[in-house]
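Engineer: Sequence plus the predicted model coming up.
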Amino acid sequence: MPKSEGLTSGLPGPAGETAAESLPVTGDLPRWLHGSLLRNGPAGFATGEGALRHWFDGPAIRHRFTIGEDTVAYAQRPLPAPSAHAVRDEHRIGFPEFATDPCRSLFARLLTVFCGDGPAAGSGGVTVTCFGERYVPLGETPLPVEFAPGTLRTAGVVAYEDQLAGQVTTAHPHLAPGTGDLINHVTQFARRSAYRLYRRRPGGAERELIGGHRVARPGYTHSFGITDRYAVLAEFPLVVNPFAPLLSGRPFIENFRWEPARGTRFIVFDLREGGVRGVYETAAYFSFHHINAWEDRAGELILDLCAYDDPAIVRVMSLDRLRPGHRLPGAVPTRFRIGLADGRVTAERLTDETLELPRVHYVRHNGRPYRFVYGIGAARTGTGFADRLVKLDVTTGATREWREDGCHPGEPVFVPAPRGAAEDAGVVLSVVLDTTDPAAPGSFLLALDAGTFTERARARAPRTIPSAGHGLFTTTRG
């Protein structure tokens with residue numbers, strides 16, 4: 001079995017519930033580290049009637065590593081959603097996914113795109129976010145489902161008490177620096193499509209419109225940037241005719257077209273005054289994940305993101321390409337300087353190393369100047385699969401790495417030390433897929449000292465956890 005195939009093996013179908021009260025731990029966990037790492041990702045890639053086509057498809061499953069004094073417990077629970085029920089209980093693909101379609105009728109497509117939950121079924125298998133006391137797994141459709149972090153049990157759909165229309169959202173909302181408001185946007189597919197940026201205040205159920213921007217052909221957006229005053233939506237030239245998902249008979253993402261001559265457009269929303277501050281253009285790029293953003297004293301808006309030259313990564317992450325070992329393209333941390341007054345946009349690489357799934361010291365540095373970002377990286381030769389964790393100093397370009405043969409780490413989550421003065425005082429947690437034995441892959445929770453980027457401890461999981469999805473660390477017990 002090729003090594004890359006080991007990354008998608010071990011999960012032939014949707015997984016059920018698992019719990020382990022005590023995992024074997026080697027090393028020394030920090031005494032102050034008490035809480036849970038919550039992770040979200042795919043539950044499986046096959047059904048009774050055939051395989052799902054893309055890493056972003058399929059039902060979601062939640063994972064929890066609970067860390068106490070020298071102990072680690074584990075639990076997992078599938079997310080109940082309409083698409084998950086169809087796959088897990090009926091062994092069929094009942095809803096259109098990111099890149100898999102059940103070949104439903106034209107009438108059903110019309111209902112889904114213009115009256116229902118959007119081009120996808122709302123499986124919520126991308127990330128986990130916390131807003132106030134609520135924890136929700138998110139995908140790219142506006143259907144948040146609350147769950148209890150202590151049990152992983154679902155508490156129900158988080159209803160919106162407003163009429164803000166939109167079928168697609170980003171899986172990475174932000175908490176606004178200074179206010180704690182949840183900021184996100186939805187894209188409405190219509191004859192006159194639009195991006196709509198909104199805020200949701202703590203404890204509120206209504207989304208308040210900050211500003212809208214009309215567009216003939218919406219772009220695919222997975223995340224966005226935020227500062228104290230602005231939100232920045234990067235519209236890359238991977239765009240779609242809003243009626244194509246309805247009429248083409250193809251899965252959602254296959255309707256998008258790469259048009260590099262359009263370039264990249266940064267749509268800057270004003271969080272204080274409302275509306276759009278301006279639209280700023282540069283060369284064609286593609287990105288899934290923003291790293292951070294802030295405003296400098298010279299009047300420039302600084303935006304760091306993990307940039308690709310084109311959207312080939314979307315196609316290559318189809319399962320039929322992953323299993324034979326096609327090489328994955330790498331994202332490079334890139335800084336964009338946007339002149340809000342003169343409209344100039346410049347770009348520079350922060351390093352030549354690849355880095356994806358970026359995380360920073362979010363509480364202290366989200367929307368503000370920062371120094372360190374953590375992510376996954378890959379060797380310059382080989383399959384391109386993530387085979388290392390990377391710490392990048394964005395002020396110098398220096399990097400540190402953790403790697404181990406046959407191991408493929410997932411997103412690093414930074415947990416700050418309670419009284420740490422330094423930006424990198426804390427630990428980095430990652431769930432690592434171990435394919436050392438391709439016939440029996442496994443996973444473990446890894447804890448690194450964030451400062452030295454050396455291993456402190458690891459705990460072996462009772463099952464294989466695929467390398468996908470995002471997560472967060474919480475001290476909430478309920």
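Structural biologist: Cool, the structure landed. Residues are numbered from 1 along each chain as shown.
Engineer: going forward, measure contacts and count neighbours with C-alpha atoms only.
Structural biologist: Will do.
Engineer: Quick one: classify the most far-flung residue of the chain relative to its centre as helix, strand or coil.
Structural biologist: No residue in the chain sits farther from the centre than Asp342, which is 32.6 Å out by C-alpha atoms, centre = their mean. Going by DSSP: H, G, I helix; E, B strand; the rest coil, the secondary structure assigned to Asp342 is coil.
Engineer: check contacts around it.
Structural biologist: Residues counted as contacts of Asp342 (C-alpha atoms under 8 Å, 6 or more residues apart in numbering): none.
Engineer: Quick one: mean pLDDT for the strand or helix carrying Leu448?
Structural biologist: Secondary structure from DSSP states H and E places Leu448 in strand 442-449. Per-residue pLDDT over strand 442-449 has a mean of 96.
Engineer: What strands line up against that strand, and which way round?
Structural biologist: Strand 442-449 sits in its sheet next to strand 426-434 (antiparallel), strand 454-460 (antiparallel), going by DSSP bridges.
Engineer: thinking again about what came up before, quickly note the distance from the residue farthest from the centre of the chain to Phe336.
Structural biologist: From Asp342 over to Phe336 the distance is 15 Å, taken as C-alpha to C-alpha, to the nearest Å.
Engineer: Next: Glu411.
Structural biologist: Taking C-alpha to C-alpha, one finds Glu411 at 23 Å from Phe336.
Engineer: Between these two, point out the one with more neighbours.
Structural biologist: The neighbour count for Glu411 versus Phe336, taken as other C-alpha atoms under 10 Å, is higher for Glu411 (26 against 19).
Engineer: Who are the contact partners of that one?
Structural biologist: So Glu411 contacts Leu357, Pro358, Arg359, Gly375, Ile376, Ser430, Val431, Ala468, Gly469, His470, Gly471 (C-alpha under 8 Å, 6+ apart).
Engineer: quick check, Ala19 in a strand?
Structural biologist: Yes - under three-state DSSP, Ala19 falls within a strand.
Engineer: My guess is it contacts Tyr74. True?
Structural biologist: Yes - using C-alpha atoms under 8 Å, Ala19 is in contact with Tyr74, at 5.6 Å.
Engineer: Compare those two (neighbour count), which wins?
Structural biologist: Neighbour tally, Ala19 and Tyr74, criterion other C-alpha under 10 Å: the higher count belongs to Tyr74, 23 against 15.
Engineer: Same question for the more buried one, what's its three-state structure.
Structural biologist: Classified using three-state DSSP, Tyr74 is strand.
Engineer: what about it, distance to Asp387?
Structural biologist: Note on Tyr74: its distance to Asp387, by C-alpha to C-alpha, is 24 Å.
Engineer: again, but for Ala425
Structural biologist: 24 Å.
Engineer: and if you look at Ala283?
Structural biologist: For Ala283, the distance to Asp387 (C-alpha to C-alpha) stands at 30 Å.
Engineer: Give me the more crowded residue out of those two.
Structural biologist: Using other C-alpha under 10 Å, the more surrounded residue of Ala283 and Asp387 is Asp387, with 22 against 16.
Engineer: tell me which residues form a beta bridge with His213?
Structural biologist: Tyr195.
Engineer: Give me the number of neighbouring residues for it.
Structural biologist: The burial count for His213: 16, using other C-alpha under 10 Å.
Engineer: List the contacts of it.
Structural biologist: Counted by C-alpha under 8 Å, 6+ apart, His213 has contacts Ala194, Tyr195, Arg196, Val276.
Engineer: Next, format those residues as JSON lines and append neighbour count.
Structural biologist: Converted to JSON lines, these look like this (neighbours: other C-alpha atoms under 10 Å):
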{"residue": "Ala194", "neighbour count": "20"}
{"residue": "Tyr195", "neighbour count": "23"}
{"residue": "Arg196", "neighbour count": "23"}
{"residue": "Val276", "neighbour count": "19"}
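Engineer: Now render the residues you listed as TSV, adding distance to Ile210 and pLDDT.
Structural biologist: Below are those laid out as TSV (distance: C-alpha to C-alpha, whole Å; pLDDT from 0 to 100):
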residue	distance to Ile210	pLDDT
Ala194	13	96
Tyr195	11	97
Arg196	8	96
Val276	9	98
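Engineer: Which one of these is nearest to Ala155?
Structural biologist: If you rank those by distance to Ala155 using C-alpha to C-alpha, Arg196 comes first, at 27.5 Å.
Engineer: Distance of the closest one relative to Phe288?
Structural biologist: 19 Å.
Engineer: hmm, back to that, for Thr227, see how far away the residue farthest from the centre of the chain is.
Structural biologist: For Asp342 relative to Thr227 (C-alpha to C-alpha), the value is 19 Å.
Engineer: Also Arg250?
Structural biologist: Note on Arg250: its distance to Thr227, by C-alpha to C-alpha, is 37 Å.
Engineer: okay, those two: which has more neighbours?
Structural biologist: Each of Arg250 and Thr227 has its neighbours counted (other C-alpha under 10 Å); Thr227 has more, 25 against 17.
Engineer: How about that one: what's its closest non-neighbour residue?
Structural biologist: If the residues on either side of it in the chain are set aside, Thr227 comes closest to Gly367, at 3.9 Å by C-alpha to C-alpha, 6 or more residues apart in numbering.
Engineer: quick one: secondary structure of that neighbour?
Structural biologist: Gly367 ends up coil, using three-state DSSP.
Engineer: give the contact list for it.
Structural biologist: Gly367 makes contacts with Pro177, Gly225, Ile226, Thr227, Asp228, Asn292, Ala293, Trp294, as judged by C-alpha under 8 Å, 6+ apart.
Engineer: Kindly indicate which of those residues lies nearest Gly166.
Structural biologist: Gly225 (19.7 Å).
Engineer: Contacts only, for the closest one.
Structural biologist: Shown in contact with Gly225 (C-alpha under 8 Å, 6+ apart): Ala231, Val232, Leu233, His290, Ile291, Asn292, Ala293, Leu303, Gly367.
Engineer: try 10 Å
Structural biologist: By C-alpha atoms under 10 Å, 6 or more residues apart in numbering, the contact set of Gly225 is 172-174, 231-234, 268, 289-294, 302-305, 366-367.
Engineer: what does Leu389 give?
Structural biologist: 355-356, 374-378, 400-404, 408-412, 428, 430, 432, 448, 453.
Engineer: Show the buried residues in the residues you listed.
Structural biologist: Buried members of the contacts of Leu389, scored by 16 or more other C-alpha atoms under 10 Å, are 355-356, 374-378, 401-403, 408-412, 428, 430, 432, 448, 453.
Engineer: mind listing the helices in this protein by residue range?
Structural biologist: Under the criterion DSSP state H, the chain carries helices at the ranges 3-6, 82-88, 106-114, 244-247, 312-316, 319-322, 362-365.
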